[in-house]
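Enquirer: Predicted model and sequence below, questions to follow.
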Amino acid sequence: MFLRAGRAALSPLVRSLQPSPVAAMSTGTFVVSQPLNYRGGARVEPADASGTEKAFEPATGRVIATFTSAFKYGVKLHGALPNLLEGCRIIRDREDEIAAVECINNGKSIFEARLDIDTSWQCLEYYAGLAASMAGEHIQLPGGSFGYTRREPLGVCVGIGAWNYPFQIASWKSAPALACGNAMVFKPSPFTPVSALLLAEIYTEAGVPPGLFNVVQGGAATGQFLCQHHDVAKVSFTGSVPTGMKIMEMSAKGIKPVTLELGGKSPLIIFSDCDMNNAVKGALMANFLTQGQVCCNGTRVFVQKEILDKFTEEVVKQTQRIKIGDPLLEDTRMGPLINRPHLERVLGFVKVAKDGAHCGPSYSGGFILMFAANCRDDMTCVKEEIFGPVMSILSFDTEAEVLERANDTTFGLAAGVFTRDIQRAHRVVAELQAGTCFINNYNVSPVELPFGGYKKSGFGRENGRVTIEYYSQLKTVCVEMGDVESAF
Ligand SMILES: NC(=O)C1=CN([C@@H]2O[C@H](COP(=O)(O)OP(=O)(O)OC[C@H]3O[C@@H](n4cnc5c(N)ncnc54)[C@H](O)[C@@H]3O)[C@@H](O)[C@H]2O)C=CC1
Ligand SMILES: NCCCC(=O)O
């Protein structure tokens, strides 16, 4: 059973706990004892259990669930279009509860978790609207004959998620999949197994037929089983580049289409004619959401030389003001990283960066918040995806120079530019090798806009009208209105 994690109830406990080595504060008493696999419209303990795993609360290191990994997925294909609008309504009604669960299991602030839940119900609402407008073409042929095309579902789609946006990823994959008439088996990251179950229950309550949305828990072995299963028609994956390569190899063997949302090391270019206030806010948005654990973050911040000192000074000032702490408190804007091994990995990057760059401003307990100024393109913290709250600031002189440096990466997920010169803004984004570009903002996620990467950041898109094409197949029907003209 879920113990409701109300903020008022949690705060006294937070105050009474001692700082742990993983984090300076705790968030509460939330535990899950219900099964975390979901099939046929209900939570189940799988008969084919392959072992148990534990899920933790990042802020305290406390175990919040012990769950069973599974393989079988029990999908039912169904022709009816599910009632996504009702699902959207229920998510909105239960937003605080879902956000609290997300906050506890992931560590992101409650403020931000609510924004993630917003982008989740918005996705259901958007595809509920699009579902009814899905149509093919009518093509006139000579002699009164004609052809038409129809969009049909693919069948069973597998969604495999990362741990940084657990509920949002489950929604962004399942809403278009279901809207196109598919079934989905969703495998969350074993670090964040909890909130996908809330989505499954919401779909069931909304009238989605049992077996149409299923949750299977487990790690790499379960993921491999799903990708290789002969009943699976498509795999949509969000995660790291190395895992994405394996998913693509496995899917290739079954000629299954894949959507790959992979990592990034995105450039954010700040020209000297920018609105400085907005550019600084944009750089913070580009680096510190979800403790910096965001694939599309603009972690290479290129600043034109004339404004480098002023920009850096402002970034430091505003970074120092970010409220770090218990993610369930209303005014917290940054919580803990996902777990200790990841924290140590991020600190490893910071240690190396400190040898070559001017770093600051703070590290305490499990929380870190960093920037590295005066970076060079060849530094490890500038080349590799850190997936933590570490912003690298680099300086540049000219537009041509910064474009060459910005594109000098194997990744291509996102990019941003801040300038008041509208012609330059469009010229620059046209040259940037990235699937999602921002002008004078960063890391906003309107569901109407397609999201996805170039180069090693993957392919296929999530959100937007185009995603319908990634969850459906086109059938062509040729209609003869005359006699058959046989060649024989
Ligand atoms: N482009 C995007 O939208 C996003 C990309 N990411 C990227 O994901 C990474 C961090 O997330 P992680 O969860 O650590 O990534 P990961 O690649 O380790 O795991 C992602 C998911 O794949 C599963 N998995 C692992 N090995 C597998 C295998 N051999 N076959 C099938 N499934 C397997 C995991 O259990 C998990 O559910 C970062 O590199 C980040 O950039 C994260 C979020 C969004
Ligand atoms: N809301 C942004 C999604 C990016 C990510 O999944 O990392």
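Expert: Nice, I can see it. Ligands and ions are numbered 1, 2, ... in the order given.
Enquirer: Could you work out the end-to-end span of stretch 224-241 for me?
Expert: 15 Å (CA to CA, to the nearest Å).
Enquirer: Just give the number of residues close to the residue of the chain found nearest ligand 1.
Expert: When you check the chain against ligand 1 by CB to the nearest ligand atom, the closest residue turns out to be G223, at 2.2 Å. Bear in mind the C-beta positions are built from the backbone N, C-alpha and C, glycine included. Other residues within reach of G223, judged by other CB atoms under 10 Å, total 23.
Enquirer: Could you find the closest non-adjacent residue to it?
Expert: Excluding its sequence neighbours, the residue lying closest to G223 (CB to CB, 6 or more residues apart in numbering) is I160, at 5.3 Å.
Enquirer: Please tell me I have it right and the one you found contacts V235.
Expert: Yes: contact status for I160 versus V235: in contact at 6.8 Å, counting by CB atoms under 8 Å.
Enquirer: quick one: common contacting residues for these two?
Expert: Listed contacts common to I160 and V235 are L226, C227, I247; contacts here mean CB atoms under 8 Å, 6 or more residues apart in numbering.
Enquirer: Can you check the pLDDT for the last one?
Expert: I247 carries a pLDDT score of 98 in this model.
Enquirer: Now do the contacts for G388.
Expert: If a contact means CB under 8 Å, 6+ apart, then G388 has Q291, G292, Q293, L337, H342, L343, R345, V346, F349, I368, M370 as its contacts.
Enquirer: Okay, helices next: where are they in the stretch 101-250 of the chain?
Expert: Counting by DSSP state H, counting those that start in this stretch, the stretch 101-250 of the chain has these helices, from start to end: 110-131, 166-179, 195-205, 220-228, 241-253.
Enquirer: What is the neighbour count of the residue in the chain that ligand 2 sits nearest to?
Expert: Closest approach between the chain and ligand 2, counting by CB to the nearest ligand atom: C295, at 3.7 Å. Applying the criterion other CB under 10 Å, we find 25 residues in the vicinity of C295.
Enquirer: Surely it is in a helix?
Expert: No: according to DSSP: H, G, I helix; E, B strand; the rest coil, the state of C295 is coil, so it is not within a helix.
Enquirer: Is it in contact with A434, as I believe?
Expert: No: at 12.0 Å, C295 and A434 do not qualify as touching, with contact defined as CB under 8 Å.
Enquirer: Stretch 470-486 - what's its average pLDDT?
Expert: When pLDDT is averaged over stretch 470-486, the result is 97.
Enquirer: swap that for stretch 401-410, sorry
Expert: Rounded to a whole number, the mean pLDDT of stretch 401-410 is 98.
Enquirer: And stretch 48-55, by the same measure?
Expert: Predicted confidence along stretch 48-55 averages 82 (mean pLDDT).
Enquirer: And the contacts of that stretch?
Expert: Under the contact criterion CB under 8 Å, 6+ apart, stretch 48-55 has outside partners 32, 63-72, 105, 190-194, 217-219, 221-222.
Enquirer: let's see 10 Å
Expert: By CB atoms under 10 Å, 6 or more residues apart in numbering, the list of residues contacting stretch 48-55 from outside reads 32, 36-37, 63-73, 104-105, 163, 188-194, 217-219, 221-222, 225.
Enquirer: among those, which ones are buried?
Expert: If you count burial by 16 or more other CB atoms under 10 Å, the buried members of those come out as 32, 36-37, 64-65, 67-73, 104-105, 163, 188-194, 217-218, 222, 225.
Enquirer: Extract the residue ranges of the stretch 301-450 of the chain that are flagged as low pLDDT.
Expert: Residues of the stretch 301-450 of the chain that meet the criterion pLDDT under 70 lie in 355-369, 371.
Enquirer: ranges for the strands of it?
Expert: Listed from the start of the chain, the stretch 301-450 of the chain has strands (DSSP state E, counting those that start in this stretch) covering 358-364, 367-373, 390-396, 414-418, 436-439.
Enquirer: How about residues contacting the shortest one?
Expert: Outside of strand 436-439, the residues within contact range by CB under 10 Å, 6+ apart are 264, 266, 268, 282, 285-286, 296, 298, 412-419, 422, 424-426, 428-430, 443-445, 449-454, 457, 461, 463.
Enquirer: Could you pick out the residues of the stretch 201-350 of the chain near ligand 2 for me?
Expert: Selection of the stretch 201-350 of the chain residues close to ligand 2 by CB under 6 Å from any ligand atom yields V294, C295, C296.
Enquirer: just to revisit the earlier point, pull the contacting residues for the residue of the chain closest to ligand 2.
Expert: If a contact means CB under 10 Å, 6+ apart, then C295 has 162, 164-165, 238-240, 261-266, 385, 387, 411, 413-414, 451, 453, 457-458 as its contacts.
Enquirer: show me where pLDDT drops low in the stretch 51-200 of the chain?
Expert: Along the stretch 51-200 of the chain, the parts satisfying pLDDT under 70 run over 72-80.
Enquirer: on that earlier part again, closest to L178 among the shared contacts of I160 and V235?
Expert: Within the shared contacts of I160 and V235, proximity to L178 (CB to CB) peaks at L226, which comes in at 17.3 Å.
Enquirer: confidence score at that closest one?
Expert: The predicted structure scores L226 at 96 on the pLDDT scale.
Enquirer: Wait, it touches I160, no?
Expert: Yes: here L226 reaches I160: they are 7.1 Å apart, a contact under CB atoms under 10 Å.
Enquirer: all strands of the stretch 51-200 of the chain, in order?
Expert: When secondary structure is read from DSSP E, counting those that start in this stretch, the stretch 51-200 of the chain shows strands at 52-56, 63-68, 138-140, 146-153, 156-160, 183-187.
Enquirer: Any chance of CSV for those, columns distance to S472?
Expert: Conversion of the strands of the stretch 51-200 of the chain to CSV gives the following (distance: least, CB to CB, whole Å):
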stretch, distance to S472
strand 52-56, 34
strand 63-68, 33
strand 138-140, 18
strand 146-153, 4
strand 156-160, 10
strand 183-187, 13
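Enquirer: Redo the ones you listed as CSV? Include distance to ligand 1.
Expert: Converted to CSV, those look like this (distance: least, CB to the nearest ligand atom, whole Å):
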stretch, distance to ligand 1
strand 52-56, 10
strand 63-68, 13
strand 138-140, 36
strand 146-153, 23
strand 156-160, 5
strand 183-187, 6
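Enquirer: of those strands, which approaches L328 most closely?
Expert: Distances from L328 to each of the strands of the stretch 51-200 of the chain were compared by CB to CB, and the smallest falls on strand 63-68, at 13.1 Å.
Enquirer: from the middle of its chain, how far away would the closest one be?
Expert: Computed by CA atoms, centre = their mean, to the nearest Å, the separation of strand 63-68 from the middle of its chain amounts to 23 Å.
Enquirer: just to revisit the earlier point, which residues touch the residue of the chain closest to ligand 1?
Expert: The neighbourhood of G223, defined by CB under 10 Å, 6+ apart, consists of 158, 160, 187, 189-190, 216, 235, 237, 239, 243, 246-247, 250.
Enquirer: which of those residues tops the neighbour count?
Expert: Per-residue neighbour counts (other CB under 10 Å) across the contacts of G223 peak at V158, which has 31 neighbours.
Enquirer: Could you verify my assumption that it touches G254?
Expert: No: the pair V158 and G254 fails to qualify as a contact (CB under 10 Å) at a distance of 11.2 Å.
Enquirer: Report the set of residues contacting both of those two.
Expert: C227, H229, V232, A233, V235.
Enquirer: neighbours around the residue lying closest to L212 once chain neighbours are set aside, how many?
Expert: Counting by CB to CB, 6+ apart, L212 lies nearest to A183, which is 5.0 Å off, once chain neighbours are set aside. In terms of burial, A183 registers 27 neighbours under the definition other CB under 10 Å.
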